[in-house]
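A.B. asks: can't give you the sequence, but here's the structure:
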């Protein structure tokens, strides 16, 4: 247990009682007989004022020698001051350096590459800290929603013997005498679990070997995935929008300070209420073409088109009923018109684009086997998955939500890489 005599910044209130804090130096300003140090800990920052008159020689010398990001411990009492951070500052009676360290290399106006090379140190920044707090609550809120709606959390493997999304985006590795792959999605395993638990979810890392270098792509991300038995396409969309609306509301209630520090305009987040707007793929293509694009009915919408459509609609919305050949073998075909399938993407507004892909799963054995073969996969690699359609097959649906994409939009960040403490991209696996 941590030493109870120390408090965190958020616990400090004006009082004559002396309190002890410890953390790191965020800012320093030195005058002739006074030194102002802003102390940072996990809960916030507070200005501490030390004077030569009120400190011992040792404490005053420590205060004179301290530098940015040195680890420190302080003692003093808090007073109210409208000019101070959060209207409170601490008048010091003691000041200790826990670790002095070297000159801290992170400063203003450094390149993105330098920041990424030194992300292990940039994580101490106010911006990164605020983003990580929001993302932590995105994951917490997701778990709370699933728990409150009677879903079981499960732990599927992230090492797999076959593709889920597509072979071109698989990371392969040697697994003893076999070849294995890092999971693109645990969806297929969740589908197996619905036959006992019915409502299941998992929050796991997923890996995509995409060679794209854009603001919206990272090669390792955290996947919030849910599956439910006896739920059709419409019901699945309702689950998705209720989950996202719950998460957004949770962040607005619990991360006001972080969003303010990030400079996020929350007005559009405040409008996120279920149900969301729905348009079909055909309507999306028509809307884009009316706004200067030249797309055919079966063209795949890429990042540019998604961003444009997101700005055209101006609110969270679903694009539904995609051409069948756009989606993987497990997506259910519309039997009345097989060129369409029961798949939907949830798009965030403000140009952020797709944050969820979901839909109804193919529950007809012969159709599933045919589509596996049409996509060029070996039937034997999916025997266990095909078995699910041989023994008590039921209609069911699910989705995958990217925690980073959702956090990226909620925080209003420039690039998705800012939502990962150690982002993995095509040319970056260090640190």
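C.D. replies: Cool, got the structure. Computed from a predicted model, the values in this text were never measured in an experiment.
A.B. asks: Which parts of the protein belong to which domain?
C.D. replies: Structural domains annotated on the chain: 6-99, 115-154+234-419, as defined by automatic domain parsing.
A.B. asks: Now render those as CSV, adding distance to residue 107 and mean pLDDT.
C.D. replies: (Each C-beta comes from the backbone N, C-alpha and C, glycine too.) Formatted as CSV, these follow (distance: least, C-beta to C-beta, whole Å; pLDDT from 0 to 100):
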stretch, distance to residue 107, mean pLDDT
domain 6-99, 9, 96
domain 115-154+234-419, 11, 96
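A.B. asks: Provide the secondary structure category for residue 68.
C.D. replies: Classification of residue 68 using DSSP: H, G, I helix; E, B strand; the rest coil returns coil.
A.B. asks: do residue 291 as well
C.D. replies: Residue 291 falls in the coil class when you classify it by three-state DSSP.
A.B. asks: So it versus residue 308, what's the distance?
C.D. replies: 7 Å (C-beta to C-beta, to the nearest Å).
A.B. asks: cool, residue 35 as well?
C.D. replies: As judged by C-beta to C-beta, residue 35 and residue 308 stand 53 Å apart.
A.B. asks: Of those two, which one has the most company?
C.D. replies: Neighbour count, other C-beta atoms under 10 Å: between residue 35 and residue 308, residue 35 has more, with 21 against 18.
A.B. asks: excluding its backbone neighbours, what's nearest residue 25?
C.D. replies: Nearest residue to residue 25, sequence neighbours excluded (C-beta to C-beta, 6 or more residues apart in numbering): residue 70, at 5.0 Å.
A.B. asks: Likewise for residue 173?
C.D. replies: Of all residues beyond its chain neighbours, the one nearest residue 173 is residue 180 (5.7 Å), with distances taken as C-beta to C-beta, 6+ apart.
A.B. asks: Just confirm that neighbour is within a helix.
C.D. replies: No: under three-state DSSP, residue 180 sits outside any helix and is assigned strand.
A.B. asks: show me the contacts for it.
C.D. replies: 159-161, 172-174 (C-beta atoms under 8 Å, 6 or more residues apart in numbering).
A.B. asks: Residue 118: how many residues sit nearby?
C.D. replies: Other residues close to residue 118 by other C-beta under 10 Å number 14.
A.B. asks: Number the chain from 645, please
C.D. replies: Right, with 645 as the first residue, what we last looked at is residue 762.
A.B. asks: wait, doesn't it sit right on residue 751?
C.D. replies: No: look at residue 762 against residue 751 with C-beta atoms under 8 Å: they stay out of range, at 10.7 Å.
A.B. asks: So the residue of the chain positioned farthest from its centre versus residue 783, what's the distance?
C.D. replies: No residue in the chain sits farther from the centre than residue 697, which is 48.9 Å out by C-alpha atoms, centre = their mean. Residue 697 is 49 Å from residue 783, where distance means C-beta to C-beta.
A.B. asks: Residue 830 and residue 846 touch, don't they?
C.D. replies: Yes: taking C-beta under 8 Å as the definition, residue 830 is a contact partner of residue 846 at 5.2 Å.
A.B. asks: Show me which of those two is the more surrounded one.
C.D. replies: Per other C-beta under 10 Å, whichever of residue 830 and residue 846 has more neighbours is residue 830, with 27 against 24.
A.B. asks: where does the closest residue to that one other than its chain neighbours fall, helix, sheet strand or coil?
C.D. replies: Sequence neighbours aside, residue 800 is the residue nearest to residue 830 in space, at 3.8 Å (criterion: C-beta to C-beta, 6+ apart). Residue 800 falls in the coil class when you classify it by three-state DSSP.
A.B. asks: Quick one, grab the pLDDT at residue 800.
C.D. replies: At residue 800, the model reports a pLDDT of 98.
A.B. asks: Pull the residues that contact stretch 923-940.
C.D. replies: Outside stretch 923-940, the residues that touch it by C-beta under 8 Å, 6+ apart are 941, 943, 945, 949, 952-953, 956-957, 961-967, 984.
A.B. asks: No further queries at this time; thank you.
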